[in-house]
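S.K.: Got a predicted structure here, sequence first:
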Amino acid sequence: MVVGKIISIYDVSIKVILSSPDLVVGDIVCTEDGKYDFEVVSIDSIEATCITLNSNHGLKKGAKLVKKANSIEMEYSDQVIGRVFDSYGNVIDGKPFKSVKKVPTKNGTISLEKLDIDTEPLWTGIKIIDFFAPIQKGFKIGLIGGAGVGKTVLIRELIHNIYTDTSANAIFIGVGERSREGQELIEEMKKTQLMDKISLVFGQMGSNPVSRSKAVDTGLTIAEYLRDEKKKDSLIFIDNVYRYIQAQSEISMELKEILVENGYMSNMAELISKVEERANSTKDGAITSFQTIYVPADDLNDEAVQNISAYMDGQITLDRKMSEKGLHPAINVFKSTSKLVDIDKIGERHYNLLKKVLAYYTRYEELEEVIAILGVDEISDEDKNIFYRSRKLRNYFSQPLFAAESFTNMAGVQVPIEDVLNDVENILNGTYDYIDELSFLYIGKYNG
């Protein structure tokens, strides 16, 4: 049945004069030939505003619309495992697909009494993360950094390391990132025979902002299926959650909504909360999420970055200065945090070593300025030990990554946390004072 007729066409939206009272916000409508799809976002008397799910190219005024569905739906069965989807739940891997059950992608959040926050640590095998910002099952972790500092490489490393050591399924959600990187990830999953445990959802960089923004809801629906129906743990990797906000801002601008400072929409906090509150853990299953957060102009005080970071249980901040020194992962340990850093959670030994290393690093930065002016011979023997041991520690926390093997020609390594603690303790105690600092650069555990 025809529900309306197009009266205005814009870049990613249309205006519709309604001929039926049956439409509500969230409904999906399409042209009679099925070529163009739209989502209803507002209704004012007999006029509706719809956002375009794909493209308005070739669309003409006067085209009649029919109702297609009550909302965007996603497959809610085992058919999602090992498959690649677009933002709207359509299979894009070219293989046959038979739907079993579908549900709306905009599911509600879980109730407070169902939440489960008492889970175990999740070790990544990445020394600098496990030591300075350890992760717990069910955590939301933000990977924060500007352009070109290694966010995507790090998230691929986390997929490789955690994913291979757990029975959990994984969901990768690509939001507004390069298509080439998505294809590389698919090929890597096939090569390592992990494709049968992962689901991938892509809202690609070249897609319109509506498509980019819908990828998150679609991916979260898969995670909810694994948690609520399969009673399994899952890992979510969102690359990049900032692009989700950026896409929503573009849509708001198109709809002539009032934007606040820096061009963000006024309901940004509400949109972020709806996403983050869906990625929660219950006693049936833990959802652990890793979310890369692009930092525009390297400004950590950006309003969107601050709003997203507020929901994180920990953050791993990548630093351009570390990258320029050739130390990867280029993580700034002073700006990286985790709620797991508690003496009762990680143990007295780990906690005390962490505090001592941070004290060494702080003193090292002070000594760098002194030595630059006076020279190393003018500082005390105690400060010399701190200075040289800190340099060994800084090098030790660099690491060959599996995700970077093709660029570095170094085989990736994973290091158990117990080995990390032993090595750090030996460096701090002076056991390795006679070893040159370069010997600690890009190794796994120190083998002497």
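M.R.: On my side now, so go ahead. Numbering: from 1, shown residues only.

S.K.: Tell me where the protein has helices.
M.R.: 127-132, 151-164, 179-191, 209-228, 241-254, 268-278, 303-309, 320-324, 343-346, 348-374, 381-396, 405-408, 417-429 (DSSP state H).

S.K.: Can you lay out those as TSV showing mean neighbour count, distance to Met74 and mean pLDDT?
M.R.: (C-beta placed from N, C-alpha, C; glycine too.) Shown next, in TSV, are the helices of the chain (neighbours: other C-beta atoms under 10 Å; distance: least, C-beta to C-beta, whole Å; pLDDT from 0 to 100):
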stretch	mean neighbour count	distance to Met74	mean pLDDT
helix 127-132	24	31	96
helix 151-164	22	21	82
helix 179-191	15	18	76
helix 209-228	25	4	92
helix 241-254	22	17	91
helix 268-278	17	13	89
helix 303-309	19	23	90
helix 320-324	16	37	87
helix 343-346	14	35	92
helix 348-374	14	40	92
helix 381-396	18	44	93
helix 405-408	10	33	81
helix 417-429	18	37	96
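
S.K.: Go through these and name the closest to Ser45.
M.R.: Closest approach to Ser45 among the helices of the chain (C-beta to C-beta): helix 241-254, 21.3 Å.

S.K.: Identify the residues contacting the closest one?
M.R.: Helix 241-254 is contacted from outside by 10-13, 51, 142, 175-177, 203, 209-210, 212-213, 215-216, 238, 259, 263-265, 268, 271-272, 275, 291-296, 304-305, 307-308, using C-beta atoms under 8 Å, 6 or more residues apart in numbering.

S.K.: mind giving me the domain split of this protein?
M.R.: What automatic domain parsing lists as the domains of the chain is 2-70, 74-341, 346-440.

S.K.: picking up where we left off before, any idea which of the helices of the chain gets closest to Val66?
M.R.: helix 209-228 (19.5 Å).

S.K.: export stretch 227-238 as PDB, just CAs?
M.R.: C-alpha atoms of stretch 227-238 as PDB (Å, rounded to 0.1, in the frame of the first residue of the first chain):
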ATOM      1  CA  ARG A 227      25.100 -13.300  25.200                       C
ATOM      2  CA  ASP A 228      21.400 -13.800  25.600                       C
ATOM      3  CA  GLU A 229      20.600 -16.800  23.400                       C
ATOM      4  CA  LYS A 230      23.900 -18.700  23.200                       C
ATOM      5  CA  LYS A 231      25.000 -17.900  26.800                       C
ATOM      6  CA  LYS A 232      28.500 -17.200  25.500                       C
ATOM      7  CA  ASP A 233      31.200 -14.500  26.100                       C
ATOM      8  CA  SER A 234      32.000 -12.300  23.200                       C
ATOM      9  CA  LEU A 235      34.500  -9.700  22.100                       C
ATOM     10  CA  ILE A 236      33.500  -6.600  20.300                       C
ATOM     11  CA  PHE A 237      36.000  -4.500  18.300                       C
ATOM     12  CA  ILE A 238      34.700  -1.200  17.100                       C
END
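
S.K.: Could you list the buried residues of that stretch?
M.R.: Buried residues in stretch 227-238, counted by 16 or more other C-beta atoms under 10 Å: 227-228, 232-238.

S.K.: neighbours around the nearest residue to Tyr76 once chain neighbours are set aside, how many?
M.R.: Distance criterion C-beta to C-beta, 6 or more residues apart in numbering; nearest residue to Tyr76, sequence neighbours excluded, is Val103 at 4.4 Å. Using other C-beta atoms under 10 Å, Val103 has 16 neighbouring residues.

S.K.: Next: Phe397.
M.R.: Neighbours of Phe397 using other C-beta under 10 Å come to 24.

S.K.: ok, for it, nearest residue in space, not its chain neighbours?
M.R.: Excluding its sequence neighbours, the residue lying closest to Phe397 (C-beta to C-beta, 6+ apart) is Ile128, at 4.2 Å.

S.K.: do you know how far that neighbour is from Ala304?
M.R.: 26 Å (C-beta to C-beta, to the nearest Å).

S.K.: Check Glu348 too.
M.R.: 38 Å.

S.K.: Nearest to Val40 among the buried residues of stretch 227-238?
M.R.: Once C-beta to C-beta is applied, the member of these that ends up nearest Val40 is Ile238, at 26.4 Å.

S.K.: can you pull the contacts of that closest one?
M.R.: Counting by C-beta under 8 Å, 6+ apart, Ile238 has contacts 173, 175, 216, 219, 244, 289-292.

S.K.: and with 10 Å instead?
M.R.: 140, 142-143, 155, 171-175, 201, 215-216, 219-220, 244, 275, 279, 289-293 (C-beta atoms under 10 Å, 6 or more residues apart in numbering).

S.K.: Spatially central residue in the chain, please.
M.R.: Here the mean C-alpha position of the chain is nearest to the C-alpha of Gln291 (C-alpha atoms, centre = their mean), at a distance of 1.8 Å.

S.K.: What does the pLDDT read for that one?
M.R.: Reported pLDDT at Gln291 in the predicted model: 91.

S.K.: Kindly provide the distance from it to Glu276.
M.R.: Distance from Gln291 to Glu276, by C-beta to C-beta: 9 Å.

S.K.: same question, His160
M.R.: 25 Å.

S.K.: One more: Tyr432?
M.R.: 43 Å.

S.K.: now do Asn409
M.R.: Between Asn409 and Glu276 the distance is 39 Å, computed by C-beta to C-beta.

S.K.: Kindly report the same for Ser55.
M.R.: 30 Å.

S.K.: so Phe397 touches Ser336, yeah?
M.R.: No - distance between Phe397 and Ser336: 11.3 Å, which falls outside the contact criterion (C-beta atoms under 10 Å).

S.K.: tell me, what's touching the two both at once?
M.R.: Common contact partners of Phe397 and Ser336 (C-beta under 10 Å, 6+ apart): 128-129, 132.

S.K.: for those residues, which one is nearest Pro416?
M.R.: For the shared contacts of Phe397 and Ser336, the nearest to Pro416 is Ile129 (13.1 Å; C-beta to C-beta).

S.K.: Not counting its neighbours along the chain, what's nearest that closest one?
M.R.: Ile316 (6.2 Å).

S.K.: Can you get me a residue count around that neighbour?
M.R.: Ile316 - counted by other C-beta under 10 Å - has 30 other residues nearby.

S.K.: my read: it touches Met322, true?
M.R.: No - Ile316 lies out of contact with Met322 (C-beta under 10 Å); the separation is 11.9 Å.

S.K.: so Asp284 makes contact with Leu115?
M.R.: No - using C-beta under 10 Å, Asp284 is not in contact with Leu115; the gap is 11.2 Å.

S.K.: In contact with the closest residue to Pro134 other than its chain neighbours, which residues?
M.R.: In this structure, Pro134 finds its nearest non-sequential neighbour in Leu340, 4.6 Å apart by C-beta to C-beta, 6+ apart. By C-beta under 10 Å, 6+ apart, the contact list for Leu340 reads 121-122, 133-136, 139, 313-314, 346, 350.
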